[in-house]
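Q: All I have is the shape, not the residue letters:
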């Protein structure tokens, strides 16, 4: 079994309060959950208005499959959310026995 973890840092330039940030983040999380079979949550930068850090996880027997799924999630967020700017991302594949 292999676990894939994608950490995404987003910039939300048009937000001026936490309520606006929550709306964008909840929308991103809902769309990713509906489109892919992954777990996703906001994990860092909770008190900043214009920055959000999301973690996406995927479990599979094949590490290539995890990498492909997480790469598709990253492309999906980057191409469908025009109000978000991708600042940074990191994919980690962890073998689990």
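A: Good, I have the coordinates. If you're wondering where the values come from, they're calculated on a predicted model, not measured in any experiment. Residues are numbered from 1 along each chain as shown.

Q: just the strands in this protein please.
A: Using DSSP state E, the strands of the chain run over 2-11, 39-44, 51-60, 85-95.

Q: Which of these sits closest to residue 26?
A: Residue 26 lies closest to strand 39-44 among these, at 8.9 Å (CB to CB). Just so you know, the C-beta spots here come from the backbone N, C-alpha and C atoms, and that holds for glycine as well.

Q: ok and the closest one relative to strand 51-60, angle-wise?
A: Computed by axes from the mean of the first three to the mean of the last three CA atoms, to 10 degrees, the angle separating strand 39-44 from strand 51-60 equals 150 degrees.

Q: Pull out the buried residues from strand 39-44.
A: 40, 42 (16 or more other CB atoms under 10 Å).

Q: Can you report the mean pLDDT over the residues of that strand?
A: Mean per-residue pLDDT for strand 39-44: 92.

Q: so what strands line up beside that strand?
A: Applying DSSP bridges, strand 39-44 is found paired with strand 51-60 (antiparallel).

Q: for the partner strand, the distance to its chain's centre please.
A: Offset of strand 51-60 from its chain centre (CA atoms, centre = their mean, to the nearest Å): 4 Å.

Q: Check stretch 11-21 too.
A: Centre to centre, stretch against its chain (CA atoms, centre = their mean), the figure for stretch 11-21 is 17 Å.

Q: With stretch 19-39 instead?
A: 8 Å.

Q: any chance of the strands of the chain in a markdown table, with distance to residue 20 too?
A: Converted to a markdown table, those look like this (distance: least, CB to CB, whole Å):
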| stretch | distance to residue 20 |
| --- | --- |
| strand 2-11 | 13 |
| strand 39-44 | 14 |
| strand 51-60 | 11 |
| strand 85-95 | 15 |
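
Q: Quick one, which of those gets closest to residue 66.
A: So among the strands of the chain, strand 2-11 is nearest, using CB to CB, at 3.1 Å.

Q: which outside residues touch that closest one?
A: Applying CB atoms under 8 Å, 6 or more residues apart in numbering, the external contacts of strand 2-11 come out as 28, 43, 45, 50-63, 66-67, 69-70, 73-74, 77, 81, 84-96.
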